[in-house]
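Student: Dropping a prediction and its sequence here:
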Amino acid sequence: MMMKKLATYSILPMLVIVLIVLYGFTKERNGRKKIKEIEVEFEAGSNPFLTHEAVNKLLIQSQVTVKNQSKRIIDLHDLEKQVLANPYVKEATVSITLEGLLKTQITQKEPVARIISGKEVYYVDNKGAKIPLSENFSARVPLIKGVDLEKDVQEITELVSLIINDDFLNKEIVSIQKMKNNEYIFNVRSGDYTINFGTFSDVNTKKKKLKAFYNKALKDKTINKYKVINVKYHNQVVCTKEDQDGKQ
């Protein structure tokens, strides 16, 4: 009985050593394998700013593509940082399969508005981060003029969120301009009139007034009789009409 116990105790360390050696051998052999293919996967619904070819160009190490490089010299963390540094990328993960496939999964940023500021034109996301224009894709988002991104970022993102989260307003409002008196003017899709939204205050109340006005004006087909729809005044909507000579 004692001999059996001694044999068991002596075998266990040997098994551990064998397993360590096998693990090291397997790891070394796996590390010598080369990257056979690169697979780029974009999250469903992502804006197609980036192409697969563009991402492949980001996956470089020591100034050469990672394809055909040994797996053991691939720095996945560094590759992720390179992909995330791209202004279109919101999230990215890079991994290697046992078969030598390097997989890159990417979520691209979501533009909510297109900004014209002086000579600059760019998109912004819902946090106010800049997104450059792309030759591959043009996002259908409201155009905004007359704003200073650094100063107006909170107003812009909240105002655009108010619009794009409403199905009707999201389709109806095509551009926004901030005037020198800090009032916002909306240009619309359905007619030759503008909406004076006023300053960035009581925005939810103004939205409700505007929606109520639209419901009535669209129903009785009077919407195109107006030149300006003004919702900036408390508890009322003031509309300006054109006469037959086109004068207000």
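Tutor: That came through, no problem. Numbering: from 1, shown residues only.
Student: Quick check: can you list the domain ranges of this protein?
Tutor: Following automatic domain parsing, one gets these domains for the chain: 1-29, 33-108, 111-241.
Student: Sketch out the low-pLDDT regions of this structure for me.
Tutor: Under the criterion pLDDT under 70, the flagged ranges of the chain are 1-32, 242-248.
Student: quick one: the helices in it?
Tutor: Applying DSSP state H to the chain gives helices spanning 2-32, 52-58, 76-84, 149-164, 167-172, 203-219.
Student: Does anything pack onto the last one? Which helices or strands?
Tutor: Spelled out, it's helix 203-219. Where contact means 3 or more C-beta pairs under 8 Å, 6 or more residues apart in numbering; DSSP states H and E, helix 203-219 is packed against helix 149-164, helix 167-172, strand 194-198, strand 226-230. From N, CA and C alone the C-beta is placed, and that goes for glycine too.
Student: which one is Val147 nearest to, not counting chain neighbours?
Tutor: Excluding its sequence neighbours, the residue lying closest to Val147 (C-beta to C-beta, 6 or more residues apart in numbering) is Lys178, at 4.9 Å.
Student: Now distance to Glu110 and mean neighbour count too, for the helices and strands packed on helix 203-219, in TSV please.
Tutor: Listed next are these as TSV, based on distance: least, C-beta to C-beta, whole Å; neighbours: other C-beta atoms under 10 Å:
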stretch	distance to Glu110	mean neighbour count
helix 149-164	10	16
helix 167-172	14	14
strand 194-198	24	21
strand 226-230	29	18
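Student: Any chance of CSV for the ones you listed, columns distance to Glu39?
Tutor: Below are the helices and strands packed on helix 203-219 laid out as CSV (distance: least, C-beta to C-beta, whole Å):
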stretch, distance to Glu39
helix 149-164, 33
helix 167-172, 35
strand 194-198, 47
strand 226-230, 52
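Student: Those: which one's closest to Leu76?
Tutor: Comparing the helices and strands packed on helix 203-219 against Leu76 with C-beta to C-beta, the closest turns out to be helix 149-164 (33.3 Å).
Student: Would you mind pulling the contact partners of the closest one?
Tutor: 112-113, 115, 117, 124, 126-128, 130, 141-142, 144, 147, 169-170, 173, 176, 178, 184, 200, 203-204, 207 (C-beta atoms under 8 Å, 6 or more residues apart in numbering).
Student: one more time with 7 Å, if that's ok
Tutor: The contact list for helix 149-164, computed with C-beta atoms under 7 Å, 6 or more residues apart in numbering, reads 112-113, 115, 117, 124, 126-128, 142, 144, 147, 169-170, 173, 178, 184, 200, 203, 207.
Student: same thing with stretch 57-64?
Tutor: Applying C-beta under 7 Å, 6+ apart, the contact partners of stretch 57-64 are 38, 65-66, 69, 74-75, 79, 82-83, 86, 104.
Student: Apply 10 Å and report the result again.
Tutor: 35, 38, 40, 50-51, 65-67, 69, 73-75, 78-79, 82-86, 89, 92, 94, 102, 104, 106 (C-beta atoms under 10 Å, 6 or more residues apart in numbering).
Student: Can you flag the buried ones in the residues you listed?
Tutor: Among those, the ones that count as buried by 16 or more other C-beta atoms under 10 Å are 35, 38, 40, 50, 66, 69, 74, 79, 82-83, 86, 89, 92, 94, 102, 104, 106.
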